[in-house]
Structure formats: structure tokens, C-alpha cells
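Participant: Give me the fold of what follows.
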Amino acid sequence: MPILIPIDDPDDPRIAPYRDVRERDLVGREGRFIAEGAVVVRSLVAATGHRALSLLIADKRADALAPLLARLPADTPVYTAGQALLDRVVGFPLHRGILALGEQAPGPSADALLAAMPARARVVMLFGIGNHDNLGGIFRNAAAFGADGVILDSGCCDPFYRKALRVSVGATLLVPTARLAAGEDPLALLDAHGFEAVALSPSGGETLARLVPPRRAALLFGSEGPGLPPALLARARSVRIPMAGDFDSLNVATTSGIVLHHCASDAPEERP
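Facilitator: Below you'll find the predicted structure:
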């Protein structure tokens, strides 16, 4: 169990990474990130590779958080402070009462991630997802429905941004993730590893209900509005979700949940 370190000075240099969290989020943290809330911090502690460098908690929550703190390495600094000082340091009311400074594990290449997947697998591939709420929601769905990984293009926002982590309820820290390299052809990469690309679009050539998920399925989602790039859609198997009347738009995170549920429901209970 780490030793709790009381903090009574908001300018204490030991808690500098937690100061003005929102502003620090905007400029980036170069491989480090802030995890907010017990659920996300618990995922950080359980994650493979990612690690907690320190914690900052409200002193009134120390007893309730003791089981979580006990899972940390004994040398992890755990700073405690009164609620007023805590709010002053982070720059907003910290109702959840717990933050952690995390360090990202080096991510695999998209090629390496696909190569490590089982014979029957589902990967989510995202293009231009710039909204942190949507990205966090997609990661949450990927974890909930057993996706084997998520691959992002260069137009996607940072999944380790504090809000994306919070919306994902820590799933970003648990689902294997990679980014496409600059100039990498995503469909050629998928084909090289035996994955069939299933591209979601309101103008898809077949309905989701009729889709029998491929043994190795790559589920492709684009940003709301522009959707997937036309050149990519022209080369992939396109699928749509029928909607009532003239309505043809779903939130991309909602879409991912529907599609992942469909593919998970069709898969056998045990993978070979």
C-alpha cells in the first residue's frame, strides 16, 4: 500500500502535473495523460503497459479508495489534499475526488496489431473521428462487445485526452490500439492480414441485418457529416442501417454499438 502524502500548498512542485488540468489538456502531455475518476483510474491500474506515475485524491475519499490504492506499487506517490485546495489546483470542482497521472505504453504499429489477432477477430477502424465524446463512446462499445482492437487514422483525435478517457469509462486503456502510418493504405493492410473491410454508410449496398460477419472483420466508421472517404467506400463492402422515413443519420458512437452488437451476437461463444 503506498504511503499517503499530504499536500497543503497549491504550488507544491510535486503536484505540478495536476495544475490547471483543462489548459494542460489542450497543449498535450507528450506521452502522459490524466485519468479522472475511480473507474478510469481502476482501468489504468489494471492496464497492461500503461502505468500510473502518481495519484492526487481528496483526503475525505482516502478510506473509500483504499482497496484501489492497495493495488498500486508501493512506490507510487499518492498525494492527498482538502477539497478546496484540490479544486484550486486542478482549476474546476473535482467532484470525483481522484486523478492519476498516467504514462502511455508504446503502441504497436497497425500492421503488428493485426498480425497478433486470433483467427477469428473483429477490429474497429476509425477515420476522422475528431469529437472526444464520440471517440470515447466507440472505445466503450469496442470493449463491451469484445472487439480485438481499434485502429485510428491520422485525422482522429487523441484517445488519451482526459474527456475521451472519461467517456470510455477507461476502455481506451484496455483495448489494444494503433494508428495508421502516414501514407499507409488501410484496405491493403487489412487484406494482407485476411480481414474483410465492412464500411458503414447511409448509402451502403446491403443492410446490416443481412450481414453475416466475416471470420476476420474490420468495421470501418467515419466522422459524422463527411463519413468515410469516397475512395475508401468504393473499395470496401458497404453496409447501412435502415432508418424510419427520410432520416438517414445516426451518431457514430451509436452506430458502432449497433454494428458491434450485431457482429458479437453472430459470433460463436468460443473462438478457435
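
Participant: For Ala119, give its distance to Asp148.
Facilitator: Distance of Ala119 to Asp148, computed by C-beta to C-beta, to the nearest Å: 11 Å. (Each C-beta comes from the backbone N, C-alpha and C, glycine too.)

Participant: The stretch 1-150 of the chain: helices as residue ranges?
Facilitator: Counting by DSSP state H, counting those that start in this stretch, the stretch 1-150 of the chain has helices at residues 21-27, 38-46, 66-69, 83-90, 110-115, 132-144.

Participant: Of the ones you listed, which shows the lowest average pLDDT?
Facilitator: Note on the helices of the stretch 1-150 of the chain: lowest mean pLDDT is at helix 21-27, with a mean of 67.

Participant: So Ala119 and Asp148 - more neighbours on which side?
Facilitator: Of the pair Ala119 and Asp148, Asp148 is the one with more neighbours under other C-beta atoms under 10 Å, namely 20 against 9.

Participant: Point out where this structure drops to low pLDDT.
Facilitator: 23-29, 248, 266-272 (pLDDT under 70).

Participant: Skipping adjacent residues, who's closest to Cys157 in space?
Facilitator: Nearest non-adjacent residue to Cys157, counting by C-beta to C-beta, 6 or more residues apart in numbering: Gly130, 5.1 Å away.

Participant: Compute the number of surrounding residues for the one you found.
Facilitator: Using other C-beta under 10 Å, Gly130 has 11 neighbouring residues.

Participant: Please verify my assumption that it contacts Gly225.
Facilitator: No: using C-beta atoms under 8 Å, Gly130 is not in contact with Gly225, being 10.3 Å away.

Participant: show me what contacts the residue nearest to Cys157?
Facilitator: Gly130 is in contact with 155-157, 223, counting by C-beta atoms under 8 Å, 6 or more residues apart in numbering.

Participant: Tell me which two in those residues are the farthest apart.
Facilitator: The most widely separated members of these are Cys157 and Ser223, with 10.2 Å between them, by C-beta to C-beta.

Participant: so what's in contact with the two at the same time?
Facilitator: Counting by C-beta under 8 Å, 6+ apart, the contacts common to Cys157 and Ser223 are 129-131.

Participant: that older thread, narrow the contacts of Gly130 to those that are buried.
Facilitator: Buried subset of the contacts of Gly130 (neighbour count, 16 or more other C-beta atoms under 10 Å): 156-157, 223.

Participant: nearest to Leu85, of those?
Facilitator: Nearest to Leu85 among the buried ones among the contacts of Gly130, with distances taken as C-beta to C-beta, is Cys157, at 31.4 Å.

Participant: For the closest one, grab phi and psi.
Facilitator: When read as degrees, to the nearest 10, the backbone of Cys157 gives phi -70, psi 180.

Participant: Leu187: neighbouring residues, count only.
Facilitator: The burial count for Leu187: 18, using other C-beta under 10 Å.

Participant: scratch that, Pro67 is what I was asking about
Facilitator: Neighbour tally, Pro67, other C-beta under 10 Å: 9.

Participant: can you check Asp87 too?
Facilitator: Neighbour number of Asp87 under other C-beta under 10 Å is 16.

Participant: Could you list which residues are in contact with the residue lying closest to Arg42 once chain neighbours are set aside?
Facilitator: The shortest distance from Arg42 to any non-neighbouring residue, by C-beta to C-beta, 6+ apart, is to Leu68 (5.8 Å). By C-beta under 8 Å, 6+ apart, Leu68 lies in contact with 38, 41-42, 45.

Participant: most neighbours, which of those?
Facilitator: Using other C-beta under 10 Å as the neighbour criterion, Val41 leads these with 26 neighbours.

Participant: quick one: that one and Gly155, what's the gap?
Facilitator: Per C-beta to C-beta, Val41 is found 29 Å from Gly155.
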